[in-house]
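**Student:** just a sequence and a predicted model for now, questions to come.
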Amino acid sequence: MTRMNQGAEAPAMARACVAACLLVSSAIPALSAGDPVVGEADFSGRCAACHATAAGQNKVGPSLASVFGNASGTAPGFAYSAALKSAHVTWDDATLDKWLQNPSGLVRGTTMFASVPSGDDRQNIIAYLKTLSAPRQAPPAATP
C-alpha cells in the first residue's frame, strides 16, 4: 500500500474497530434494573421461609432489612458462618447477583444453600431487596 492509501483507510479501520467493540460489549450480559413488585413475589416464594424482611427478625437466615449496601455477616443478632463473617463482601447489585446464583461459589464455606438460577428472577429479587433499605442519611454536622 502506498502512504496515500493508508491514510484513506485509517478512518474506515477506526470505524470498523469501534463497531467490533460495540458488538462485543453488547454480548456481555448486563445487570438489569429488575422489577421490585415481581421480586417481592419471587422473594415470598423462594426466600421468605428462611429470611425475614423486618429489622431484627432473624429466622434460619438473617433478616434482609437494609441488606443492600451493607457488609456481609453484619446483621445484628444472627450467628453467621465464619466464612460469611470473614468474606468482607458488600451487598450491591453485582455481589447479590453472584450470591443468589451460587452462594458457595462466592463465599466458600457458607451455610446458604439455595440459589436462583434465572438471571431475571435474581434481578427482580435484588430490586425488591433495595426497597428494604432505608435511604442513607447524612451524618450530623459537627458543632464548633
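**Tutor:** Great, that's in hand. Numbers count the residues shown, from 1 in each chain.

**Student:** please enumerate the strands of this structure.
**Tutor:** With DSSP state E as the definition, the chain shows no strands.

**Student:** show me the shaky parts of it.
**Tutor:** 1-32, 134-144 (pLDDT under 70).

**Student:** most centrally placed residue in it?
**Tutor:** When CA atoms, centre = their mean is applied to the chain, the residue found nearest the centroid is Asp93 (2.2 Å).

**Student:** please tell me how far that one sits from Asn102.
**Tutor:** Asp93 sits 16 Å away from Asn102, going by CB to CB, to the nearest Å. All C-beta spots, glycine's among them, are computed from the backbone N, C-alpha and C.

**Student:** check Pro62 too.
**Tutor:** Separation of Pro62 from Asn102 (CB to CB) stands at 19 Å.

**Student:** ok, the two, which is more surrounded?
**Tutor:** Neighbour totals were compared for Pro62 and Asn102, and Pro62 leads with 23 against 12 (other CB atoms under 10 Å).

**Student:** surely the more buried one touches Tyr80?
**Tutor:** Yes. Using CB atoms under 8 Å, Pro62 is in contact with Tyr80, at 7.1 Å.

**Student:** against Thr74, how distant is Tyr80?
**Tutor:** From Tyr80 to Thr74 the distance is 8 Å (CB to CB).
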